[in-house]
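K.L.:
sequence below, structure please.
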Amino acid sequence: MEQFQKLYMFNPFTIERAGSQEIGIAYSELQEKLNKDTDTPFRIAQNIEIYANMNFLLGEMIARIQREYDLLKTEISITENKQVYMQRKQWQETNTEKAPAMSYFEAMAKEYVKEDSKKLAELGSKLFRFKKAYESIEGKQNALKKKIEAIKYEI
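P.N.:
Have a look, this model is predicted:
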């Protein structure tokens, strides 16, 4: 990850080359760099910058998870639609009576993609967690910015 140290923070072209584990390590390293005693505007500003970099990394992970989520959702939809068609066609070829309502075939198709739907739900919850972490850090940054303003007026 060392080769990404200077570039990845604000360069979306280089962050693409970093693996998710590398991003996690870089995020942890940034957390460790946070100043515990933020009694001066300089230290507060350093923390704001660190939080900005942390959010950049979270944003990259959100983008990756969102892409994976969207691709899986599309794949599920296509597979489900194909299954409805195939199940209905098979019914018509093997039965002489009238075919059941479409909801019957749709339910069978949903059962067929059930495992992928579980994966999609997992990705959705993972995406939610990353988005909440991103929002939380934004809130922390805003609080620190207000703290700097308050310190300015005290001086």
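K.L.:
and the longest helix for this structure?
P.N.:
Of all the segments assigned as helix in the chain under DSSP state H, the longest by residue count is helix 41-94.
K.L.:
residue 20: neighbouring residues, count only.
P.N.:
With neighbours defined by other C-beta atoms under 10 Å, the count for residue 20 comes to 11. (C-beta placed from N, C-alpha, C; glycine too.)
K.L.:
okay but it is in contact with residue 64, surely?
P.N.:
Yes. Proximity of residue 20 to residue 64 meets the contact threshold set by C-beta atoms under 8 Å, at 6.9 Å.
K.L.:
which SSE is immediately downstream of the longest helix of the chain?
P.N.:
Counting by DSSP states H and E, the element after helix 41-94 in chain order, helix or strand, is helix 102-112.
K.L.:
can you tell me what sits against that next one?
P.N.:
When contacts are defined by C-beta atoms under 8 Å, 6 or more residues apart in numbering, helix 102-112 is touched by residues 79, 80, 81, 83, 84, 87, 88, 91, 99, 117.
K.L.:
which helices and strands does the helix or strand just after that helix pack with?
P.N.:
Moving toward the C-terminus from helix 102-112, the next helix or strand (DSSP H and E) is helix 114-154. Using 3 or more C-beta pairs under 8 Å, 6 or more residues apart in numbering; DSSP states H and E, the elements in contact with helix 114-154 are helix 41-94.
K.L.:
now do the helix it packs on and helix 114-154, the angle between them.
P.N.:
Using axes from the mean of the first three to the mean of the last three C-alpha atoms, to 10 degrees, one finds that helix 41-94 and helix 114-154 are set 160 degrees apart in direction.
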